[in-house]
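# The following comprises the amino acid sequence and a computationally predicted model.
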Amino acid sequence: MAEERAPKGGTDEKLSTAAKQMRAAEPYISAVWKLIGGAVVGVLGGYLLDGWLGTKPWLLVGLSVVGISVGFYAFLRAMLQLSKR
């Protein structure tokens, strides 16, 4: 993994308090988006395939479970990587 680097302009000293807090929260926000993204892709994929194949609601249910599982796995993996720092 690449090491985190300071911005080209110098250190974090020039940033406001809110900017420092947002920078500290970014890894957690990214992990949550992985969870949400997996669920959304699964639900939308299942919904669209169900409409196309006429298998309502089975692909929606199946791909929702798969999407939520993949999103949860990505979320946990990101949290474990953050805890190792």
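Nice, thanks for sending it over.

# List the buried residues for stretch 57-73?
Across stretch 57-73, burial judged by 16 or more other CB atoms under 10 Å covers Leu59, Leu60, Gly62, Leu63, Ser64, Val66, Gly67, Ile68, Val70, Gly71. Using the backbone N, CA and C atoms, a C-beta is placed for each residue, glycine as well.

# any idea which of those residues is closest to Lys20?
Nearest to Lys20 among the buried residues of stretch 57-73: Gly71, at 28.6 Å, using CB to CB.

# give me the element the closest one is part of.
helix 58-83 (DSSP states H and E).

# Which elements pack onto that helix?
helix 17-53 (3 or more CB pairs under 8 Å, 6 or more residues apart in numbering; DSSP states H and E).

# now the chain, which segments are flagged as low pLDDT?
For the chain, the stretches with pLDDT under 70 are 1-11.

# Can you tell me which of the buried residues of stretch 57-73 is nearest Trp52?
Taking CB to CB as the measure, Trp52 sits nearest to Leu59 out of those, at 9.1 Å.

# Go ahead and confirm the closest one touches Gly46.
Yes. The pair Leu59 and Gly46 passes the contact test of CB atoms under 8 Å, sitting 4.6 Å apart.

# State the distance from the closest residue to Val66 other than its chain neighbours to Ser30.
Leaving out its chain neighbours, the residue that sits closest to Val66 by CB to CB, 6 or more residues apart in numbering is Gly42, at 5.4 Å. With distances taken as CB to CB, to the nearest Å, Gly42 is found 19 Å from Ser30.
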